[in-house]
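Engineer: Model the following, please.
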Amino acid sequence: MKKIIGVLVLTAVLIFKISAVWAKGLVRDLNVNGVMSLNWRMIGPEKQGFENTVQHEIYLADMYFGFDGKISGKFPFLLEFQIPTASQGRINLYRFSTELLYEEKYKLELGKFLIPFGHYNELYRPDQFLTVTRPLLYASPDSLDIVSRLNSPHPPMSAGYSDIGLKVGYYPQSGHFWIPTEIIAYLVNGLGETPNRIRIFQNSNNLLVPGVAIGGTDIDFGHLNNNLADNNNNKAPGGRIVFALGDLKIPTIFEEKKIELNGIRLGLSGMHGRYDLEEAIAGQDYQIFGTDLIFQYKNYSFSVEYVYSKNDFRKAQADSIKIVDFAQRTDYLPSKTEINKGYYLQAAFPIWKNPPVGKKVLGILAFNKLERIGPELVFSKNKNPADQLPITAFASSPQDLKTFMNKYTAGLNWQIADNFIMKAEYSYWKIKVPPVFGSTQSSIYQPAFSWVFSF
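Structural biologist: Take a look at the predicted model:
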């Protein structure tokens, strides 16, 4: 028995050494990188109604680590993992893709990649953007970027939205400003439903798809269900066109922390998809369109972005006293459409160019506006027998409401070293939504600090 164990151990060691040598010869220029953010926030006032009851909180957020290199010295590949705050340490596959290049003008990317949409969707790592929180258009589940209530606007896109499919890029490399710097088209699985009712991938133990819940079908705005398989038969096409001048003409992700750059960049983005599982009668579709403009002059920068989204969704119908009949057929719930749209303006400027410690201190001022135009939603007075909680439903005679949220932000970004950044921020949300159970709230504020470490 000891001889058998010894042979097995020796075989395992040989296989490991052979694999290491093979991998070293196959993968060249391997780079390891990662980032983590330690955040503190204090939310006020103390009586916030239904938004958030945490007053003082310290937590780890926006944690990523990964590898990139070239296979056989020719084909670039990228492997990256994410540790979402809510998963309490569980590691998720965030990106895994490879690229095929042709004449430096054409690029084909396959796998799970970052969706090219807008400016802040590219800035998913905390060492890439200057503030603690993100614009309302790209709220992140890892931090309080948005305060959401019933009938509140929703962020059309979550920051760092990655998906599975293929992407084709064309880079003309022309000196004329009217010729695009980048032309990108992609086809991906698309956004799914929330709560997640995705089909388990080819498993004989799961032959049936759960029916529509009494609460209806809604889009996964936050992209919380970051699955590796599709939710339906439909694929989501999309594209992006970029015009640029100066240093920003180079087709790369433009991080806000970069300095000594001069240029201007204009981007146009769009995507369309169907997110519901059944696709019964009329499928639930979504469309998202956006434009972004960036101006950079050394340590001074200005950015503006506008996003418009339109999506269908289904809900149960409440009567005049907000009672829902839980015996109604859920496969024929009424379907309606809502619009979420908004913009942000952000300016960054140097406050202290040569501090005693570190490299520079930047100041940031930003204004955000997000609007929702859609049918009025109410909480049912009777509770769902399944979980003994009220559900979200259409009012008996739903009228289109227009609600909005404004966010004002002032912040500091202190780059202590290449791999260490400290951020400070004060944000104030002005909220206009109908009362919930007779309670309303018009504003919320949040001081926050962040310590970002990257490698």
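Engineer: Run through who's touching stretch 352-368.
Structural biologist: Residues outside stretch 352-368 that contact it (Cβ atoms under 8 Å, 6 or more residues apart in numbering) are 130-131, 135-137, 259, 299, 342-351, 405-417, 425. Heads up, the C-betas are built off the backbone N, CA and C, glycines and all.
Engineer: one more time with 7 Å, if that's ok
Structural biologist: For stretch 352-368, the surrounding residues in contact (Cβ atoms under 7 Å, 6 or more residues apart in numbering) are 130-131, 135-136, 299, 342, 344-351, 406-417.
Engineer: Show the buried residues in those residues.
Structural biologist: By neighbour count, with 16 or more other Cβ atoms under 10 Å, the contacts of stretch 352-368 hold 130-131, 135-136, 342, 344, 346, 348, 406-407, 409, 411-416 as buried.
Engineer: Which ones among the residues you listed lie within strands?
Structural biologist: Using DSSP state E, the members of these that fall in strands are 342, 344, 346, 348, 406-407, 409, 411-416.
Engineer: got the contact list for the closest residue to Leu261 other than its chain neighbours?
Structural biologist: Distance criterion Cβ to Cβ, 6 or more residues apart in numbering; nearest residue to Leu261, sequence neighbours excluded, is Asp247 at 4.3 Å. Asp247 is in contact with 261-263, counting by Cβ under 7 Å, 6+ apart.
Engineer: so where's the stretch 51-200 of the chain uncertain?
Structural biologist: For the stretch 51-200 of the chain, the stretches with pLDDT under 70 are 51-54, 141, 144, 198-200.
Engineer: What are the boundaries of the strands in the stretch 251-400 of the chain?
Structural biologist: Applying DSSP state E, counting those that start in this stretch to the stretch 251-400 of the chain gives strands spanning 261-274, 285-298, 300-314, 316-317, 335-352, 360-375, 377-379, 392-394, 400-417.
Engineer: closest to Gly192 out of those?
Structural biologist: strand 261-274 (9.5 Å; Cβ to Cβ).
Engineer: What helices and strands are in contact with that closest one?
Structural biologist: Contact analysis of strand 261-274 by 3 or more Cβ pairs under 7 Å, 6 or more residues apart in numbering; DSSP states H and E lists strand 236-246, strand 285-298 as its packing neighbours.
Engineer: quick one: the shortest one to strand 261-274, angle?
Structural biologist: Comparing the axes of strand 236-246 and strand 261-274 via axes from the mean of the first three to the mean of the last three Cα atoms, to 10 degrees yields an angle of 170 degrees.
Engineer: picking up where we left off before, ok, now how distant is the residue nearest to Leu261 from Lys310?
Structural biologist: Taking Cβ to Cβ, to the nearest Å as the measure, Asp247 falls 35 Å from Lys310.
Engineer: And the residue lying closest to Gly374 once chain neighbours are set aside, how far from Val436?
Structural biologist: Using Cβ to Cβ, 6+ apart and skipping the chain neighbours, the partner closest in space to Gly374 is Glu338 (2.8 Å). Distance, Glu338 to Val436, by Cβ to Cβ: 18 Å.
Engineer: cool, Gln82 as well?
Structural biologist: Counting by Cβ to Cβ - Gln82 and Val436 are separated by 32 Å.
Engineer: same thing with Leu261?
Structural biologist: Taken as Cβ to Cβ, the span from Leu261 to Val436 is 46 Å.
Engineer: go on, Pro350?
Structural biologist: 43 Å.
Engineer: same thing with Arg240?
Structural biologist: Applying Cβ to Cβ to Arg240 and Val436 gives a distance of 38 Å.
Engineer: Of the two, give the one with the bigger neighbour count.
Structural biologist: Shown here are Arg240 and Val436; by other Cβ atoms under 10 Å, Arg240 has more neighbours (24 against 16).
Engineer: I figured the more buried one was touching Arg265, is that so?
Structural biologist: No: using Cβ atoms under 7 Å, Arg240 makes no contact with Arg265, being 11.7 Å away.
Engineer: Show me the helices in the stretch 1-150 of the chain, by range?
Structural biologist: Taking DSSP state H, counting those that start in this stretch as the criterion, the stretch 1-150 of the chain carries its helices at 2-26.
Engineer: quick one: contacts for Lys336?
Structural biologist: With Cβ under 7 Å, 6+ apart, Lys336 has these contacts: 313, 375, 394.
Engineer: same question, Pro334
Structural biologist: 314-315, 317, 394.
Engineer: mind redoing it with 10 Å?
Structural biologist: 216, 313-317, 375, 393-394, 398 (Cβ atoms under 10 Å, 6 or more residues apart in numbering).
Engineer: Separate out the buried members of the residues you listed.
Structural biologist: For these, buried by 16+ other Cβ under 10 Å: 216, 313-316, 375, 393-394, 398.
Engineer: my guess is Leu108 meets Pro76, correct?
Structural biologist: No: if you go by Cβ atoms under 10 Å, Leu108 and Pro76 don't touch, sitting 11.2 Å apart.
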